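[1] sharing a model that was predicted from the sequence below.
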Amino acid sequence: MQTVDTYVIVPTYNEVDNIDELVTQILDLPVAVGIIVVDDNSPDGTGAAADKWAIEYPEQVHVVHRPGKLGLGTAYIAGFKMGIQVLQAQRLMTMDADFSHNPRYIPAMLVMSADKHVVIGSRYVAGGGSKNCSWKRIWLSKIANLVARTLLGLKANDATAGFRLYRREVLETIPLDQIFSSGYSFLVEMLFMCQRRGWQIGEVPIVFEDRRKGTTKISRQEVLKAQYTVLRLFWRRLRGREPRQPQIPVSA
């Protein structure tokens, strides 16, 4: 078996209908990747289902159990810490458990990571798009991206995407415990901090699909938190509290 130095972080809450198929598809990819499931004590048994995979594939599947719903951002941080400190990962990816992010794009994102420090699975570059999503969701996504890119100076076309790859050296420069956002707005804050530190960011086109099973986790409260996060970071940008560093060259 190939040495695994890339892990996909999958936060879960009540995803028992999806977790088995998702893990199967990731492990079947023609690239060596592992999985870190971060489960927030799902009442439907998602954590127990993930544990079975970890027992069968102890080198590739790892599970972090948390006591309850603590937010998407903190789930990613828990996965980052597991990957960096315990598994010595060189690349860490993030994706949703509901197949809105299809595992088939992972190999292309790994290829781009040879030339970019951060890789985004993007809906808004040539070849990307959305499938089976309501016009309201598409409209909300495009508006959120426009506002984030305009106020924060973000260069990525899909600034709110959760399908990402970070190289290890990027995460080692981010003060993870100081990130304020705990929900979906964590994604915007992370991208802002990566860009301001000079890390090079690339985008791979994907087709984002509305979840196949289960219910969405995005609430009106999350939308309000995201708006607050963008305004807070905009104020930090105006005050120069997040200094811009020169672009860092990509190492081998």
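    Looks like it arrived, so ask away.
[2] rest of the way, CA atoms for contacts and neighbours
    OK.
[3] low-scoring stretches of this protein, by residue?
    1-2, 211-220, 222, 252 (pLDDT under 70).
[4] pull the number of nearby residues for residue 48.
    Residues contacting residue 48 under the criterion other CA atoms under 10 Å number 16.
[5] which elements pack onto the helix or strand hosting it?
    Assigned by DSSP states H and E, residue 48 falls within helix 46-56. Packing contacts for helix 46-56, counted by 3 or more CA pairs under 8 Å, 6 or more residues apart in numbering; DSSP states H and E, involve helix 16-27, strand 34-39, strand 61-65.
[6] quick one: the last one to helix 46-56, angle?
    Between the axis of strand 61-65 and that of helix 46-56 there is an angle of 150 degrees, by axes from the mean of the first three to the mean of the last three CA atoms, to 10 degrees.
[7] what sits up against strand 61-65?
    Outside strand 61-65, the residues within contact range by CA atoms under 8 Å, 6 or more residues apart in numbering are 34-41, 47, 50-51, 53-54, 78-79.
[8] among these, which ones are buried?
    34-41, 47, 50-51, 53-54, 78-79 (16 or more other CA atoms under 10 Å).
[9] most tightly packed of the helices and strands packed on helix 46-56?
    strand 34-39 (a mean of 27; mean count of other CA atoms under 10 Å).
[10] can you give me the offset of that one from its chain's centre?
    12 Å (CA atoms, centre = their mean, to the nearest Å).
[11] now the residue minimising distance to the centre of the chain: phi and psi?
    The residue lying closest to the centre of the chain (CA atoms, centre = their mean) is residue 94, at 3.2 Å. When read as degrees, to the nearest 10, the backbone of residue 94 gives phi -130, psi 140.
[12] show me the contacts for it.
    Listed by CA under 8 Å, 6+ apart, the contact set of residue 94 reads 8, 9, 10, 76, 162, 163, 164, 165.
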